[in-house]
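1. Quick one: sequence plus predicted model below, questions after.
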Amino acid sequence: MSSFLNWNFASSNVQASVKNGEYISSESTLLLAGPSKLSHLSGDGTGTFLGSSNSLLPIGIMQNMSMAQNRPVTKLFEIGSKRSYFVPGRAFLQFNASRIMFYGPSLMRVLYALAPERLTARLGTPLNIDPDSNGNGVAQLPQYDDLFQEDPLVNVPGYGGTNNEDNRDFYIDLTSELFTVPFGLCVIMKTAQDKPYGAMYLEDCYLESHQLSMDAGQVVIAESVSGQLDRMAPIQLATSTSTAL
């Protein structure tokens with residue numbers, strides 16, 4: 001990297017250490033749905049993954065995902081001076097996600113993949129991660145499971161497929177009690193050369209809105225959600241010399 005003393009704008013980059021292929025892009029980023037808190041996955045809350053290998057569900061066919069953090073700052077003045085004081089406020093965090101609809105689980109169903117089977121068994125099928133899961137659904141984590149009610153849902157969020165069709169759950173009713181419990185989102189980022197860069201866990205995500213968008217000129221139907229979250233917890237990614245997520 002250039003310094004003030006050796007800076008040469010005509011012959012070198014300021015950030016000379018950047019190499020081709022070391023950029024972070026959406027194609028090397030993975031989104032996963034999980035429990036509401038990172039501590040549900042790691043018993044000590046440090047971000048080290050200690051839970052089941054199938055307690056996070058990769059979200060596919062995702063077209064857009066955005067997160068925003070805002071922290072208002074109040075500016076105070078005093079009599080007798082031109083200078084000011086600043087008082088930082090509390091952080092306000094939001095998220096948005098959208099994807100097209102296909103013959104599979106809807107977006108709200110995927111986000112609540114870890115909802116307990118006692119509530120979703122008759123409303124769809126267990127969501128599987130990949131062939132490595134040997135056909136087993138995502139893990140039921142006791143700490144997260146306890147946040148949900150024991151009684152059956154009065155307002156069902158939706159239904160699953162008919163005639164024994166797997167993984168075609170269509171959840172659409174945001175007024176269901178299922179959505180009064182938060183969920184979590186994990187974001188893992190790598191470079192195009194498969195080098196780990198960083199990861200974060202969006203804790204206590206609550207849905208505020210759900211939209212369906214269709215138009216006569218469009219060949220697909222899009223659905224999107226938006227909401228609030230508590231915090232973005234950083235995660236230390238695993239390298240060849242360390243053990244983490």
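-> That came in fine, so what should we check first? Please read these numbers as outputs of a predicted model, since none were measured by experiment.
2. need the contact list for the residue nearest the centre of the chain.
-> When Cα atoms, centre = their mean is applied to the chain, the residue found nearest the centroid is L185 (2.4 Å). Contacts were defined as Cβ atoms under 8 Å, 6 or more residues apart in numbering; by that measure L185 touches 31-34, 95, 111, 201-202, 205, 229. Where C-beta positions appear, they are placed from N, C-alpha and C, glycine not excepted.
3. so how far is L57 from it?
-> In this structure, L185 and L57 are separated by 10 Å, where distance is defined by Cβ to Cβ, to the nearest Å.
4. Could I get the buried residue list for the lengthiest strand in the chain?
-> When every strand of the chain is counted residue by residue (DSSP state E), the longest turns out to be strand 196-213. Along strand 196-213, these residues count as buried under the neighbour rule (16 or more other Cβ atoms under 10 Å): 196, 199-203, 205, 207, 210.
5. Make a markdown table from these and add pLDDT and distance to M101 to it.
-> Compiled in a markdown table, those are given as follows (pLDDT from 0 to 100; distance: Cβ to Cβ, whole Å):
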| residue | pLDDT | distance to M101 |
| --- | --- | --- |
| P196 | 90 | 32 |
| A199 | 93 | 28 |
| M200 | 94 | 27 |
| Y201 | 94 | 27 |
| L202 | 97 | 23 |
| E203 | 97 | 27 |
| C205 | 98 | 21 |
| L207 | 98 | 17 |
| H210 | 97 | 12 |
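6. JSON lines please, covering the residues you listed and showing distance to L5.
-> Shown next, in JSON lines, are the buried residues of strand 196-213 (distance: Cβ to Cβ, whole Å):
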{"residue": "P196", "distance to L5": "33"}
{"residue": "A199", "distance to L5": "36"}
{"residue": "M200", "distance to L5": "36"}
{"residue": "Y201", "distance to L5": "41"}
{"residue": "L202", "distance to L5": "42"}
{"residue": "E203", "distance to L5": "44"}
{"residue": "C205", "distance to L5": "47"}
{"residue": "L207", "distance to L5": "53"}
{"residue": "H210", "distance to L5": "55"}
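7. and the nearest residue to A199 once chain neighbours are set aside, how many neighbours?
-> Closest residue to A199 apart from its sequence neighbours, by Cβ to Cβ, 6 or more residues apart in numbering: I235 at 3.9 Å. I235 has 22 neighbours, counted by other Cβ atoms under 10 Å.
8. what do you get for V18?
-> V18 has 11 neighbouring residues, counting by other Cβ under 10 Å.
9. The one 10 residues further on too?
-> Neighbours of S28 under the rule other Cβ under 10 Å: 17.
10. contacting residues for it?
-> 189-192, 194.
11. what element comes up after the helix or strand containing it heading to the C-terminus?
-> For S28, the enclosing helix or strand under DSSP states H and E is strand 24-34. Sequence-wise, the next helix or strand beyond strand 24-34 is strand 57-58, with elements assigned using DSSP H and E.
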